[in-house]
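**Student:** Curious how this folds, go ahead:
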Amino acid sequence: MSNAKKNPTSYGNFLMEGVKYVATLDFSSERKTMSTIVNGYNKLNGNQVLLKGAPERVLEKCTKVMTDSGREENLSAEQKTRLNKKILSVASNGYRVLGLAIGLDGGNMKNITYDNA
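**Tutor:** Numbering: from 1, shown residues only. Next comes the predicted model:
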């Protein structure tokens, strides 16, 4: 039996090894997103921001996209439009859609610490 069948969160635990929690910006109906600020994700220095929420709100904050090959590319206005159409299409079929993003450079949260949060 594989480890994933014994512990369904094992991969998530692996990804979060060495990551330290810094702060959380709770979900608000105004922002329609929730942000968790962490330090050390993917062995990076400084803060990273994990963002989840309404997909259109998450998408409007994004400037880059990671391709299937793992390359980071600038996110064009055309790509954003195409993604928004896909979000609407999936949601119109009765599915809930959640947007997820990561800010590897910490964005506006790069100077937040556990003590000043």
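**Student:** Please name the residues that touch R31.
**Tutor:** R31 makes contacts with L25, G53, R57, as judged by C-beta atoms under 8 Å, 6 or more residues apart in numbering. Yep, even glycine has a C-beta here, placed from its N, CA and C like the rest.
**Student:** for the top helix by length along the chain, packing partners?
**Tutor:** In the chain, with assignment by DSSP state H, the single longest helix is helix 77-92. Counting by 3 or more C-beta pairs under 8 Å, 6 or more residues apart in numbering; DSSP states H and E, the packing neighbours recorded for helix 77-92 are helix 55-61.
**Student:** roughly how far is the helix it packs on from the heart of the chain?
**Tutor:** Between the mean C-alpha point of helix 55-61 and the mean C-alpha point of its chain there is a distance of 11 Å (C-alpha atoms, centre = their mean, to the nearest Å).
**Student:** After the least confident helix or strand in the chain by mean pLDDT, which helix or strand is next?
**Tutor:** Taking mean pLDDT, DSSP states H and E as the measure, the chain has helix 3-6 as its least confident helix or strand, at a mean of 62. Sequence order places helix 10-15 as the next helix or strand after helix 3-6, per DSSP states H and E.
**Student:** wait, doesn't G46 sit right on M109?
**Tutor:** No: in terms of C-beta atoms under 8 Å, G46 does not count as a neighbour of M109; the distance is 9.9 Å.
**Student:** Of these two, which one has the most company?
**Tutor:** Between G46 and M109, counting by other C-beta atoms under 10 Å, M109 is the more crowded of the two (21 against 13).
**Student:** Extract the C-alpha set from stretch 46-65 and format it as CSV.
**Tutor:** Once side chains and other backbone atoms are set aside, the C-alpha atoms of stretch 46-65 remain, and they are given as CSV (Å, rounded to 0.1, in the frame of the first residue of the first chain):
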residue,chain,number,x,y,z
GLY,A,46,11.8,35.8,2.6
ASN,A,47,8.0,35.7,2.6
GLN,A,48,5.7,34.0,0.2
VAL,A,49,1.9,34.6,0.0
LEU,A,50,-0.5,31.8,-0.5
LEU,A,51,-3.8,33.2,-1.9
LYS,A,52,-7.2,31.6,-2.3
GLY,A,53,-10.6,32.9,-3.0
ALA,A,54,-13.0,33.9,-5.8
PRO,A,55,-11.2,33.0,-9.0
GLU,A,56,-11.9,36.3,-10.7
ARG,A,57,-10.4,38.2,-7.7
VAL,A,58,-7.4,35.9,-7.6
LEU,A,59,-6.8,36.2,-11.3
GLU,A,60,-6.9,40.0,-11.3
LYS,A,61,-4.0,40.0,-8.8
CYS,A,62,-1.9,37.7,-11.0
THR,A,63,0.8,38.9,-13.3
LYS,A,64,2.4,35.5,-14.2
VAL,A,65,1.4,32.0,-14.9
